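**Q** got a predicted model here, sequence first, then my questions.
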Amino acid sequence: MTPTVEDLLVLPGEGKNINGHIYIAIGTEHTGGVFSAMKVTLAPYQLLAPHTHATEDQAVYVISGELEFEVGGAKGLRFTAPAGSFVRKPAGVEHSFWNATDTPSEYIELNAGERFQQFVEATADGPLRAAIGADEKYGVSINYKRVPGMLIEHGLTSLGAMNLPWEGAAPPKFG
């Protein structure tokens with residue numbers, strides 16, 4: 001079967017909308033389960049919790065803003081990825097990133113395999129619900145113990161997709 005333009009072209013704002021922050025533009029259902037491509041907005045002062053993917057490699061392309069990355073856990077590498085940067089996140093290596101600026105950051109997330117897309121889709125029913133048992137269901141192990149310290153250390157207000165009342169404002173003062 002010859003594909004049509006509608007089969008191939010995803011225009012801005014199209015795709016599967018997950019919680020208004022994530023758009024699955026090209027899903028694994030389009031690639032025979034091989035990969036997915038998502039456009040994500042990370043609000044100011046938000047953290048993507050430290051986590052590990054058992055089997056899936058990932059890559060991020062930063063469209064706008066900048067993201068602070070930590071790859072390899074608490075004693076791993078830390079670096080800033082400005083707009084135009086690519087960052088590889090290997091399977092089996094803990095990673096986290098956050099937006100420590102006053103402006104939203106947009107990025108493209110490329111994911112090998114199907115399991116991460118399944119996890120993202122499950123967050124539509126509630127991020128906390130999706131996180132319960134995520135290691136067995138989706139191969140995503142979240143390092144919950146580090147989250148409070150990372151929020152405080154980096155002046156962050158919330159976890160990605162888990163909005164708190166002060167999201168988008170200057171971070172609250174702790175201690």
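**A** Ah, there it is.

**Q** all strands of this protein, in order?
**A** 16-18, 22-26, 35-42, 46-53, 58-64, 66-71, 77-82, 86-89, 95-98, 105-112, 140-142, 158-159 (DSSP state E).

**Q** need the residue closest to the centroid of the protein.
**A** In the chain, the residue lying closest to the centroid (CA atoms, centre = their mean) is residue 48, at 6.1 Å.

**Q** beta-bridge partners for residue 60, please?
**A** Legend: beta-bridge partners of residue 60 under DSSP bridges are residue 87, residue 109.

**Q** ok, it touching residue 89?
**A** Yes: assessed by CB atoms under 8 Å, residue 60 is found in contact with residue 89 at 7.0 Å. The way it works is simple: take the backbone N, C-alpha and C, and place the C-beta from them, glycine included.

**Q** packing partners of the lowest-mean-pLDDT helix or strand in the chain?
**A** Using mean pLDDT, DSSP states H and E, helix 127-131 stands out as the lowest-scoring helix or strand of the chain, at a mean of 81. Helix 127-131 is packed against helix 115-122, with contacts defined by 3 or more CB pairs under 8 Å, 6 or more residues apart in numbering; DSSP states H and E.

**Q** what does the helix it packs on contact?
**A** Taking contacts as CB atoms under 8 Å, 6 or more residues apart in numbering, the residues outside helix 115-122 that touch it are 16, 18, 22, 24, 27-28, 36, 38, 53, 55-56, 58, 111, 129-130, 134, 137-140.

**Q** next one: it to chain centre, how far?
**A** The chain centroid and the centroid of helix 115-122 are separated by 11 Å, computed with CA atoms, centre = their mean, to the nearest Å.

**Q** contacting residues around the residue lying closest to residue 25 once chain neighbours are set aside?
**A** Using CB to CB, 6 or more residues apart in numbering and skipping residues adjacent in sequence, the residue nearest residue 25 is residue 15, 4.1 Å away. If you count contacts by CB under 8 Å, 6+ apart, residue 15 has them with 23, 24, 25, 26, 38, 39.

**Q** where does residue 15 land on pLDDT?
**A** Among the per-residue scores, residue 15 holds a pLDDT of 90.

**Q** do the same with residue 2
**A** pLDDT, residue 2: 90.
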